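Q: Return atomic coordinates for the entry below.
(2 chains)
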Amino acid sequence: MTYFNTIIRLILIEAVRSRLPWLLLIVIAISFGLSQFLGQVAIIEAKEIQATLQGAFLRVTAVFIVATFVITSMVREANDKVTELLLSQPAPRAAYYFGKLAGYTTVAAFVAVIFSLPLIFFAPIPGLLAWAISLAFELSMMAAMSLFCVLSLTQILPAISATAAFYLLGRSLAAMQLIATASVSKIPSFADQAISTLVNAVSLVLPSIDQMTISEWLVDAPSPERLLASAGQAFLYVALLAAASLFDVYRKNL
Amino acid sequence: MSPYWLLHPCSMSIARIFSKSSERSIQAVPNAVLLGLAIALALQIFVKIQGPEPRAGASDLSTLPSRPILQLAAAGDPSPLAKLLMLHLQAFDLNAGNTLTYGALDYDRLIDWLGKILELDPAGQYPLHAASRLYAEISNQEKQRKMLDFVYQRFLADPNRRWPWLAHAAAIAKHQLKDLPLARQYAAALQAHATAPGIPLWAKQMEAFILEDMDELETARVMIGGFVNSGQIKDPGELRFLDQRLKEIEARITAKKKGKNAAP
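A: Next up, the predicted model:
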């Protein structure tokens, strides 16, 4: 348990030392300025516009910050040979991985809470709560995905690219499915069917990120069932990524 | 054999390219991890299969942001955004099983979408093609008229490029709406504004034939006579056809006059 807690503590110390809290404050200030500007321009529904656009900006920025933090932190640790030191300790490798996952998930939750605070001025509390909880789930899932990518690809650029591709695909897959199934002719051609089947197959192994942290929730709170479905998807996918990452961690040679 | 292919088919080889360290054998992985991976993957696929398929609904067609916001979102390159928006719009009526008919859409909102897409990409023909060939060919006359009016208004902004869609709109007004004055209005606009050399004569002659259908034979005769005498028509077959049409109109005028004289 000490080993597990130490790993979490190391991650939190690194988050503070890499100026993460300051970065979050700067992003909040920028988003605040952006929302004030949009509020001045809007003729009607100024608050709704401010909440929605600020929420969308904060969500994407949060995903970028969390993913970059996880990947750079893991690569730095590997370059400093800290990974080898940690893995050579008398503790199961699963404890190392779950310590990492718990640490990064804590950072993700912290980012979600901090980024939700400026929206208090524009969004009703029930909607904001749902949005913040969903953002925490989404960021946790992205932290797990970043961890998986960096464990398997080991370098910053490929890991960030793979994580970004995963996120963009997860966000736009439902729209792609709709477009892929929209054949203009009554009888779809072989190419139409092949593309549609491929997109549907890819959608089976990707989470529905487009159903999470929807900016609209900042105006109209979602039903509890929707939030629960979002949480269920995040838990399931984190479990899947954890299993896949553990497979990699156990095969890693020192 | 790595199980990466279960998640990302290409990642096994990609991971080998990027990974510096060698890997232990699969026996190093505890059975619980392998079992957990299989269960989690099976659950993920099961949940996605059980979940609702993405489906567009008429009410889901939300209002598009204003043009400046769209320009901002396009990041200085509006054409790809316009094309993406058009494909997205198309998905609202051509989704799986075609359960949603065009008529179920909110036409004011639909016209707003088409108009903004056209503003983002004025050279694009897709919005007007969809407007005249898909959205105007429904059984709701009120919505049909709205869509035809949209085509007419947008035709005036670039007649030489957009004439095919107004020609089709004139045909819909004539044959489906049975509104000959409206068809004539479109045909007249086509003749007056579409002046590029490549535009076929049949498009310019539409008004004359609609006038004939409206029983305005004198005007039709003058118009067709004008075409024949203008020297624009070189094709002997087309000249013969117009000449024949002219004779038919003249015969109808004579018959009409005789009928009038006989009536008292």
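
Q: So which bits of stretch B:107-121 are buried?
A: B:107, B:110-111, B:113-121 (16 or more other CB atoms under 10 Å in any protein chain shown). C-beta coordinates here come from the backbone N, C-alpha and C atoms, glycine included.

Q: For residue A:143, give me its contacts.
A: A:66-67, A:70, A:101, A:104-105, A:107-108 (CB atoms under 8 Å, 6 or more residues apart in numbering or on different chains).

Q: tell me the two of the residues you listed that are most distant?
A: Using CB to CB, the pair of those lying farthest apart is A:67 and A:101, separated by 14.2 Å.

Q: quick one on the thing from earlier: let's see which of the buried residues of stretch B:107-121 end up in helices.
A: In helices, judged by DSSP state H, the following of the buried residues of stretch B:107-121 are found: B:107, B:110-111, B:113-120.

Q: Can you tell me the closest non-neighbouring residue to residue B:51?
A: Excluding the flanking residues, the one nearest residue B:51 by CB to CB, 6 or more residues apart in numbering or on different chains is residue A:208, at 7.3 Å.

Q: Tell me, how many residues neighbour the one you found?
A: Neighbourhood size, residue A:208 [other CB atoms under 10 Å in any protein chain shown]: 20.

Q: pLDDT score assigned to residue 212?
A: Here I'm looking at chain A. Here, the pLDDT recorded for residue A:212 equals 89.

Q: try chain B instead
A: In this model, residue B:212 is scored at 79, pLDDT.

Q: Identify the residue of the stretch 1-150 of chain A closest to chain B, quick one.
A: Of all residues in the stretch 1-150 of chain A, residue A:94 sits closest to chain B, at 7.7 Å by CB to the nearest CB.

Q: tell me which element that residue is part of?
A: helix A:93-116 (DSSP states H and E).

Q: Could you do residue A:40 as well?
A: When secondary structure is defined by DSSP H and E, residue A:40 falls within helix A:20-41.

Q: Would you mind listing the buried residues in that helix?
A: Buried-residue list, helix A:20-41, by 16+ other CB under 10 Å: A:20, A:24, A:27-28, A:31, A:35, A:38-39.

Q: With stretch B:24-39 instead?
A: Judged by neighbour count (16+ other CB under 10 Å), stretch B:24-39 contains these buried residues: B:29, B:33-34, B:36-37.

Q: Check these and tell me the two furthest apart.
A: B:29 and B:36 (10.4 Å).

Q: Now list whatever residues contact both of those two.
A: Counting by CB under 8 Å, 6+ apart, the shared contacts of residue B:29 and residue B:36 are residue A:246.

Q: show me what contacts residue B:30?
A: A:94, A:250.

Q: and it, backbone torsions?
A: phi -60, psi 150 (degrees, to the nearest 10).

Q: what do you get for residue A:85?
A: phi -60, psi -40.

Q: Show the low-confidence segments of the stretch 151-264 of chain B, by residue range.
A: For the stretch 151-264 of chain B, applying pLDDT under 70 flags the ranges B:233, B:260-264.

Q: Just give the number of residues close to residue A:83.
A: Residue A:83: 21 neighbours (other CB under 10 Å).

Q: tell me the SS of the nearest residue to it once chain neighbours are set aside?
A: Residue nearest to residue A:83 in three dimensions, not counting chain neighbours: residue A:77, with 5.2 Å by CB to CB, 6+ apart. Following DSSP: H, G, I helix; E, B strand; the rest coil, we place residue A:77 in the helix state.

Q: Could you check how far residue A:77 is from residue A:96?
A: 11 Å (CB to CB, to the nearest Å).

Q: any common contacting residues for these two?
A: With contacts defined as CB under 8 Å, 6+ apart, the residues adjacent to both residue A:77 and residue A:96 are residue A:86.

Q: picking that back up, identify those among the buried residues of stretch B:24-39 that sit within strands.
A: Among the buried residues of stretch B:24-39, no residue falls in strands (DSSP state E).
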